[in-house]
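Q: got a sequence here, can you build the structure:
(one chain, ligands or ions: 1)
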Amino acid sequence: MASLIYSEEEYIAQYGPTPNDTPVNGWDSREPDKLVKTHCCFCGVQCGIQLKVKDDKVIGFEPWEEFPVNQGKLCPKGVKRYLQNEHPDRLVDPLIRTENGYREANWDEALNQTADAVRRIQSKYGKDAFAFLGGASMTNEKAYLNGKFARVALGTANIDYNGRLCMVSAGAANKMAFGVDRAANPWSDIPNAKVIILTGTNLAECFPILTDYVWRARDNGAKIIVIDPRITPIARTADLFLPVRPGRDSALAHGLLHQLIKNDWIDERFIEDHTNGFEATRELVEKYTPSLTEKITGVPAATIAKAAEFWGLAETSMLLHARGIEHHTKGVENVLSYINLVLATGRIGKPGSGYGTITGQGNGQGGREHGQRCNQLPGGRDINDQGHRNEIAEFWGLPESELPGEGLTACEIINDIEDGKIKGLISISFNPLVSIPDSKRTRKALEKLEFFAAIDFFMSETARYADIVLAGSLQEEDEGTVTTGEGRCVRLRNSVPPAGNARRDWEIICDLADRLGKGDHFDFSNSEQIFDELTKASQGGPIDYGGMSYGKIEANMGVFWPCPTTDHPGTPRLFEGGKFFHSDGRARFHAFDYRPPAEDVDHDYPIFFTSGRVVSQYLSGTQTRRIGGLVDQYPEPLCEIHPLLAARLGVFDGEVIRVVTRRGSMSLPAQIVKSIRPDTIFIPYHWPGKKAANQLTNRALDPISKIPEFKVCACRIEKLEGKTNPKMN
Ligand code: SF4
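A: Numbering: from 1, shown residues only. I've put the predicted structure just below:
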């Protein structure tokens, strides 16, 4: 029987060549005009990729095997990402809302109307009544520009970014423990670790290529410990799986430290020489015996003891975590409690030993470094530090008194819009209607805005509420830099021009600044000039890019910060020799006792609800829901439910059920899986409207990081009349 699968050569030999301009299922066999070495536009691994460009269109990709991080490998999102470039939904003109929907406008009209609205609202209600929301998938250059635009051109304190929903608990904890917010090690250290704890990270789906590093460690004999309420794909090959009850992470970390101390598996010398605060932590964890820890966390005492033994007796170790422990009202405390394990064993700042945070967004690291956070100035400076304020005010040529103070965080901005205190908003590449908890409230807030301008490349669900939509640029339509989850600043190359009349984001921002009378502060002709200003602004700050340039980054396939001078090679591994970034050079233990989540299960809502991602989708889905092959892989949200819970509720696989929380409800098919705790259900959050998991989630915030508690709230499941299991019909 003839094979139904043809190679290109076999097909052409049998049927003749396809017409030159006819791509078949995304397979475009035409010779490209050029191959552009750049990076994936999705997660924080920032895999190297070569985009095939013909006639100013991206028509495919080739692996970039020399780029050391992924060596040509890509996950499903990276393989399909080129298909977004030609999507018919691409915004190609500015749009202005009319009574009959949107009409196309020219740039002068759209930008003039936006500037008029800013002036009108600020003169009536004050500068801070106009807010700005940025994103962490954008380049370092844009992150810097967003911060400068908000403070210099808008003069508002209220600027924040969508990383507030992602990385901020880890960032705050890193600064508190180490004095600096960056992964301690290059990823090349991971394969040399002899034990790895992966806690709250669905690594294989959210950061797929890093799985390869963990597997290499396993091939070298490492023990892999996974801690999660779900047996995620990476957990399937773990040596030890700890099925923690949602919202109990710090208690589990305390239980592990209790065992390390009890068995004398700690490094007293390192603790003495390089840390502060151990005694209070020792006292705190004394009560966290394996049996108490089991009672709180649901993890068997023997498993806790075994995990502590693996960690305690290893020569080298790596702790990696992500949103699973960070998306909580005690996200910062959870992270600090796990960092205690690293410090107690002194295994940090050494080859094969250390710590890292998994960054979900493409520029989750760089996006939080250059001043688009409400409390931050360029170079990771603190907006409340008088010295830092003076430095940046002088650098920007402003009196320090004109530099706004600390503003509101992203969720607080939405809350203040809902309360009528903030009247105007510009957002760029941020889709809060899908990504912020309690979406009913977000919708109400957007409806209350007196003026809203959205800069985006597709019409996101949030942009539909805008008065003016400014057609911005896709990643491949601009150049710049991003900083990967390991702290390596890499170079994005411009592959194609912006589609139609769309413009590069930085050009839109600079034009708007000009119309607001601040054009002399935004006199940039290209991204490289913005990067050069960013590096100078960062010099001497906690996050120092001072010695970087586009040429240096390209020549070295990335440069790790700190890189303070042009002759500095960059710093792949931090804290070598036990030198931390606090002024006394010492790291800090933190003793936060466990406390329950903001909303725990009870009689009316007896099941834990948790949310997260799937491998084929990215964030609010604005891009990945438009890429056919990724949609096919996971077309709509499903509710993961354990067979025991399903049997108790009489729910069948595929049956449409209603999930109800105190915020709202949604109906969706049940997916019965053994890989989740029987007291917990899971729904991925990438879809809008009635399919949005964030209709259900709780907007309670961590008091330090102001991250919402996406990862735990209480729900119940209701059966729907007449909605029987399709598989039983
Ligand atoms: Fe690499 Fe992440 Fe892109 Fe996948 S989504 S190809 S892991 S950068």
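Q: ok, now which ones touch the closest residue to the ligand within the stretch 351-500 of the chain?
A: Minimum separation of the stretch 351-500 of the chain from the ligand (CB to the nearest ligand atom) falls at Gly362, amounting to 7.2 Å. Glycine gets a C-beta too; all of them are placed from N, C-alpha and C. Counting by CB atoms under 8 Å, 6 or more residues apart in numbering, Gly362 makes contact with 40-44, 46, 136-137, 475, 482.
Q: same question for Arg182.
A: Taking CB under 8 Å, 6+ apart as the test, what Arg182 contacts is 174, 365, 487, 543, 561, 574.
Q: I'd guessed the third one sits against Gly364; true?
A: Just to be clear, that refers to Gly487. No: between Gly487 and Gly364 there is no contact under CB atoms under 8 Å: 11.4 Å.
Q: so which of the contacts of Gly362 reach the ligand?
A: 40, 42-43, 46 (CB under 6 Å from any ligand atom).
Q: what's the burial count for the residue in the stretch 1-150 of the chain that the ligand sits nearest to?
A: Of all residues in the stretch 1-150 of the chain, Gly78 sits closest to the ligand, at 2.3 Å by CB to the nearest ligand atom. Neighbourhood size, Gly78 [other CB atoms under 10 Å]: 24.
Q: quick check: phi and psi on Leu319?
A: The phi/psi pair for Leu319 (degrees, to the nearest 10) reads phi -110, psi 120.
Q: and it, what does it touch?
A: By CB under 8 Å, 6+ apart, the neighbours of Leu319 are 196-197, 199, 338-339, 341-342, 354-356.
Q: point me to the residue of the stretch 501-650 of the chain nearest the ligand.
A: Counting by CB to the nearest ligand atom, the stretch 501-650 of the chain gets nearest the ligand through Tyr618, at 7.0 Å.
Q: assumed that residue was part of a strand.
A: No: using DSSP: H, G, I helix; E, B strand; the rest coil, the assignment for Tyr618 is coil, not a strand.
Q: could you dump the contacts of Arg182 to JSON lines with distance to Ala222 and secondary structure?
A: Converted to JSON lines, the contacts of Arg182 look like this (distance: CB to CB, whole Å; DSSP: H, G, I helix; E, B strand; the rest coil):
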{"residue": "Asn174", "distance to Ala222": "24", "secondary structure": "helix"}
{"residue": "Gln365", "distance to Ala222": "25", "secondary structure": "coil"}
{"residue": "Gly487", "distance to Ala222": "22", "secondary structure": "coil"}
{"residue": "Ile543", "distance to Ala222": "31", "secondary structure": "coil"}
{"residue": "Trp561", "distance to Ala222": "28", "secondary structure": "coil"}
{"residue": "Leu574", "distance to Ala222": "22", "secondary structure": "coil"}
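Q: from these, pick the one nearest Ile627.
A: Gln365 (24.7 Å; CB to CB).
Q: give the contact list for the closest one.
A: 44, 167, 182-183, 359, 483-485, 487.
Q: try it again with 6 Å
A: 359, 483, 485 (CB atoms under 6 Å, 6 or more residues apart in numbering).
Q: what would these look like in TSV with distance to Trp187 and neighbour count?
A: Listed next are the contacts of Gln365 as TSV, based on distance: CB to CB, whole Å; neighbours: other CB atoms under 10 Å:
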residue	distance to Trp187	neighbour count
Thr359	12	31
Thr483	13	31
Gly485	8	28
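Q: from those, which has minimum pLDDT?
A: Lowest pLDDT of those: Thr359, 87.
Q: now that one, nearest residue through space, not along the chain?
A: Gly44 (3.2 Å; CB to CB, 6 or more residues apart in numbering).
Q: returning to what we had before: surely the residue of the stretch 501-650 of the chain closest to the ligand touches Phe42?
A: Yes: when contacts are counted by CB atoms under 6 Å, Tyr618 is listed as touching Phe42 (4.9 Å).
Q: wait, is Leu425 part of a strand?
A: Yes: with three-state DSSP as the criterion, Leu425 is part of a strand.
Q: ok, the single nearest residue of the stretch 151-300 of the chain relative to the ligand - contacts?
A: Using CB to the nearest ligand atom, Ile209 is the residue of the stretch 151-300 of the chain that sits closest to the ligand, at 3.9 Å. Going by CB under 6 Å, 6+ apart, Ile209 touches 45, 47, 70, 73.
Q: of those, which ones also sit close to the ligand?
A: 45, 47, 70.
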